[in-house]
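Chemist: sequence first, predicted model second:
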Amino acid sequence: MSRRTPLIAGNWKKNMGHEETAGLIRAIAENIAGLDDVDVLVAPPFTSLTRAKKEIGDSRILLGAQNMHWEKSGAYTGEISAAMLLDVGCTHVILGHSERRILFKETSEMVDLKANAAVEAGLNPIVCIGETLEEREQGKTFEVVRDQLEKSLNNFRIKKTLPLSVTIAYEPVWAIGTGKTATPAQAQEVHEAIRQWIEDNFDKDVSIKLRILYGGSVKPENAKDLMEMPDIDGALVGGASLKAELFLPIITFGEPR
Ligand code: PGA
């Protein structure tokens with residue numbers, strides 16, 4: 001088990017209107033009231049953030065968005081700034097998810113600008129990286145992950161400081177929404193390499209403290225084994241975060257409460 005407080009984050013993607021948002025948040029809040037050894041976050045679509053915040057009230061649920069733009073304001077039709085997310089009560093933002101990278105052509109250079117802008121504004125970025133099946137089969141997993149880390153966290157590398165408000169999410173693309181999960185050993189191997197990369201590029205202290213989440217078909221049945229790995233500090237959950245009966249047992253690592 002990792003020595004960092006685990007974070008279980010639900011990435012709702014393009015799902016959940018206001019009423020569904022309110023219902024799911026109520027169900028989560030009622031059930032995590034007594035749990036103080038795990039952080040829980042939900043990332044609804046932009047249009048449900050205000051409703052989510054209202055429903056979260058004083059509960060311990062953290063609120064995140066799924067994307068943002070790096071510029072503070074201006075002529076960027078369809079984009080949202082870090083300040084706007086703070087305005088509606090977000091503390092976190094998911095950046096560089098593989099769906100954004102693949103479907104919307106987001107590059108690591110763009111993710112870097114976003115991560116830097118998020119931290120400057122006081123928002124905690126969850127920076128996603130991960131290899132495709134083809135890259136894994138060609139033995140390029142570590143090369144790809146290192147390249148994404150270098151480019152997506154370049155501004156922090158230049159400043160030689162990686163703030164602990166940054167979380168990294170390792171999400172192998174072949175495991176997202178496919179039902180195929182990386183085995184705990186496969187995930188741990190990459191997480192360990194990411195932590196080593198942080199130590200090599202920043203320092204040991206930050207590498208020990210920074211959270212690295214695993215994402216890709218996390219469900220109640222595999223949560224416990226994944227979370228027992230020493231370098232896995234939580235999960236970024238897609239499909240299984242949309243139903244309380246699946247998300248709640250992930251929060252408790254597959255154990256009954
Ligand atoms: P999944 O998605 O849990 O549905 O595989 C994970 C993610 O995309 O963050």
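Modeler: Thanks, I have it.
Chemist: ranges for the helices of the stretch 101-250 of the chain?
Modeler: Under the criterion DSSP state H, counting those that start in this stretch, the stretch 101-250 of the chain contains helices at 108-121, 133-137, 141-152, 154-159, 184-201, 204-209, 220-227, 244-251.
Chemist: pull out the buried residues from the longest one.
Modeler: Of the residues in helix 184-201, those buried by neighbour count under the rule 16 or more other CB atoms under 10 Å are 184, 187-188, 190-191, 193-195, 197-198, 201. Using the backbone N, CA and C atoms, a C-beta is placed for each residue, glycine as well.
Chemist: and it with the ligand, contact?
Modeler: No: Helix 184-201 does not reach the ligand (CB under 6 Å from any ligand atom); its nearest approach is 12.8 Å.
Chemist: quick one: average pLDDT of that helix?
Modeler: Mean pLDDT, helix 184-201: 98.
Chemist: likewise the third one?
Modeler: Regarding helix 141-152, the rounded mean pLDDT is 98.
Chemist: buried residues in that helix?
Modeler: So helix 141-152, judged by 16+ other CB under 10 Å, has buried residues 141, 144-146, 148-149, 151-152.
Chemist: pull the CA atoms of that helix into CSV?
Modeler: Provided in CSV are the C-alpha atoms of helix 141-152 (Å, rounded to 0.1, in the frame of the first residue of the first chain):
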residue,chain,number,x,y,z
THR,A,141,6.0,1.9,-23.4
PHE,A,142,8.8,3.5,-21.3
GLU,A,143,10.0,5.6,-24.2
VAL,A,144,6.5,6.9,-24.9
VAL,A,145,5.7,7.6,-21.3
ARG,A,146,9.1,9.4,-20.7
ASP,A,147,8.6,11.5,-23.8
GLN,A,148,5.1,12.5,-22.7
LEU,A,149,6.3,13.4,-19.2
GLU,A,150,9.2,15.4,-20.6
LYS,A,151,7.0,17.4,-23.0
SER,A,152,3.8,17.7,-20.9
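Chemist: which helices and strands sit right next to it?
Modeler: Counting contacts by 3 or more CB pairs under 8 Å, 6 or more residues apart in numbering; DSSP states H and E, helix 141-152 is packed against helix 108-121, strand 124-129, helix 184-201.
Chemist: closest one to Asn31 among those?
Modeler: strand 124-129 (22.7 Å; CB to CB).
Chemist: between helix 108-121 and the closest one, find me the angle.
Modeler: 170 degrees (axes from the mean of the first three to the mean of the last three CA atoms, to 10 degrees).
Chemist: does the ligand sit close to strand 124-129?
Modeler: No: residues of strand 124-129 contacting the ligand under CB under 6 Å from any ligand atom: none, with a closest distance of 7.2 Å.
Chemist: ok now that strand, how far from the chain's centre?
Modeler: Here strand 124-129 is found 5 Å from its chain centre; the criterion is CA atoms, centre = their mean, to the nearest Å.
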